[in-house]
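S.K.: from the sequence below, what's the structure:
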Amino acid sequence: MYQKDSGDKKYFRVLNILNRLNEGPVRIADLSAEFGVSERSIQRDIERINLTGFHLDTPQKGLYAFSGGVSLKNFNLTSEQLSVLVLMREMAGGLGGAITEAFDKIFDRATAPAAGESPFYSVGSRALNPLTRKFYEDIVFAIENRRKLKVRYAATGGVKEKTLRPVKILASENFFYMMAAADGEKAGVFHKYRVDRIKRLEILPEEFPPYSRDLIKKLIGTATTIWGVNEGKKIKLILKAEGAAADFLQSKEILPRQKVSKPGRDGSVTVKAEIHHFMEVIPLLLHWMPEITIIEPGELRAEAKKRIDAYLEKQK
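M.R.: Numbering: from 1, shown residues only. Reported below is the predicted structural model:
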């Protein structure tokens, strides 16, 4: 049983929770009872761990687990050192700005896998459907050994055969995606292929030269959804949020490079961000309308209106 007077309670809770997560899912209610603290205190510990960069899934309410591909074994630090980083991240986050950015860079450097960068990258929501794991091991092998893949892929325009050079597995919204360059296309162009749409996959003996980590990191960038990965264009976004939408956007960083103004007299805020694809923000807009307004760009207003009109037409 956890002793309340055994030194820094917060540090030991985080240390314990990190090790528990490494073994499997943890339940808020169970940890609250064991440590003798409120469920909200445990929830804050979980939030600290998630915000530091460990990435957690919530398979069901009150239950948390490391996302696929996340393990303490992947880091170069002990669990004790990682727990210190969790608490330091909270302090750095409170200072904001350059301090937070500096800490995040330190965390990335300190926790870089010793055996090289992982082929797995999680974007946004990380709960994974086991059915999308088909071909996962073959793709990981191909990435780690820089081997080309011949795939039969069910694209929107029909089933096509392609020879691909895979560089990352992306996870988003219950799906696996393979980020890859295709033979015969312009150098430096990558596409995202949903793994569950691959009908056949063959590992070829042919190898391909490695791509630089900096290039891959740049392509993934600050994406918060799969739509923001590997889109060349940059779109400056300005929104006005009121009421509950304003509260929500002040408490959560939903959009890439999100900046929120101080609340006005009416409680509204201006939100600025830089996106790569309209679908990075459209679900947010549809969820919070009418308490959220598009100021810029005009093309996004037109796209949102088209979707709303199409929906209302179906309801007739």
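S.K.: quick one: the strands in this structure, in order.
M.R.: Assigned by DSSP state E, the strands in the chain fall at 26-27, 56-60, 63-66, 120-122, 147-155, 158-172, 175-182, 191-194, 198-207, 235-241, 259-260, 269-275, 292-296.
S.K.: in CSV, list the ones you listed along with mean pLDDT and mean neighbour count.
M.R.: C-beta: built from backbone N, CA, C; applies to glycine. Below are those laid out as CSV (pLDDT from 0 to 100; neighbours: other Cβ atoms under 10 Å):
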stretch, mean pLDDT, mean neighbour count
strand 26-27, 90, 18
strand 56-60, 79, 15
strand 63-66, 86, 19
strand 120-122, 51, 19
strand 147-155, 92, 18
strand 158-172, 87, 19
strand 175-182, 85, 22
strand 191-194, 87, 18
strand 198-207, 91, 13
strand 235-241, 94, 18
strand 259-260, 92, 15
strand 269-275, 93, 20
strand 292-296, 94, 17
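S.K.: got CSV for those, with distance to L286 too?
M.R.: Listed next are these as CSV, based on distance: least, Cβ to Cβ, whole Å:
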stretch, distance to L286
strand 26-27, 32
strand 56-60, 22
strand 63-66, 28
strand 120-122, 24
strand 147-155, 26
strand 158-172, 18
strand 175-182, 20
strand 191-194, 22
strand 198-207, 30
strand 235-241, 13
strand 259-260, 20
strand 269-275, 15
strand 292-296, 9
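S.K.: between those strands, which gets nearest to I42?
M.R.: strand 26-27 (8.7 Å; Cβ to Cβ).
S.K.: so I198 touches K150, yeah?
M.R.: No: assessed by Cβ atoms under 8 Å, I198 is found out of contact with K150, at 10.7 Å.
S.K.: between the strands of the chain, which gets nearest to L215?
M.R.: Closest to L215 of those is strand 158-172 (Cβ to Cβ; 8.8 Å).
S.K.: between that closest one and strand 198-207, how big is the angle?
M.R.: 80 degrees (axes from the mean of the first three to the mean of the last three Cα atoms, to 10 degrees).
S.K.: packing partners for strand 158-172?
M.R.: With contacts taken as 3 or more Cβ pairs under 8 Å, 6 or more residues apart in numbering; DSSP states H and E, strand 158-172 sits against strand 120-122, helix 136-145, strand 147-155, strand 175-182, helix 213-220.
S.K.: switch to 10 Å and redo it
M.R.: strand 120-122, helix 136-145, strand 147-155, strand 175-182, strand 191-194, strand 198-207, helix 213-220 (3 or more Cβ pairs under 10 Å, 6 or more residues apart in numbering; DSSP states H and E).
S.K.: name the residues that touch the fifth one?
M.R.: The set of residues external to strand 191-194 that reach it, using Cβ atoms under 10 Å, 6 or more residues apart in numbering, is 123, 132, 139, 149, 151, 153-155, 162, 164, 166, 168, 170, 172, 175-182, 185, 226-227, 229-231.
S.K.: may I have the strands that pair with it, each with its orientation?
M.R.: Strand pairing for strand 191-194, using DSSP bridges, gives strand 175-182 (antiparallel).
S.K.: ok so, going back, dump the helices and strands packed on strand 158-172 into CSV; add distance to A304 as well.
M.R.: Output for those, formatted as CSV (distance: least, Cβ to Cβ, whole Å):
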stretch, distance to A304
strand 120-122, 28
helix 136-145, 35
strand 147-155, 27
strand 175-182, 24
strand 191-194, 23
strand 198-207, 33
helix 213-220, 26
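S.K.: out of those, which is closest to V70?
M.R.: strand 120-122 (7.7 Å).
S.K.: how near is I308 to K314?
M.R.: Note on I308: its distance to K314, by Cβ to Cβ, to the nearest Å, is 11 Å.
S.K.: who's more crowded, the two?
M.R.: I308 (13 against 7; other Cβ atoms under 10 Å).
S.K.: would you confirm that that one contacts M289?
M.R.: Yes: applying Cβ atoms under 10 Å, one finds I308 in contact with M289, separated by 8.0 Å.
S.K.: what touches both of the two?
M.R.: Here I308 and M289 have no joint contacts, going by Cβ under 10 Å, 6+ apart.
S.K.: count of residues packed around S67?
M.R.: 18.
S.K.: my guess is it contacts F54. True?
M.R.: Yes: assessed by Cβ under 10 Å, S67 is found in contact with F54 at 8.2 Å.
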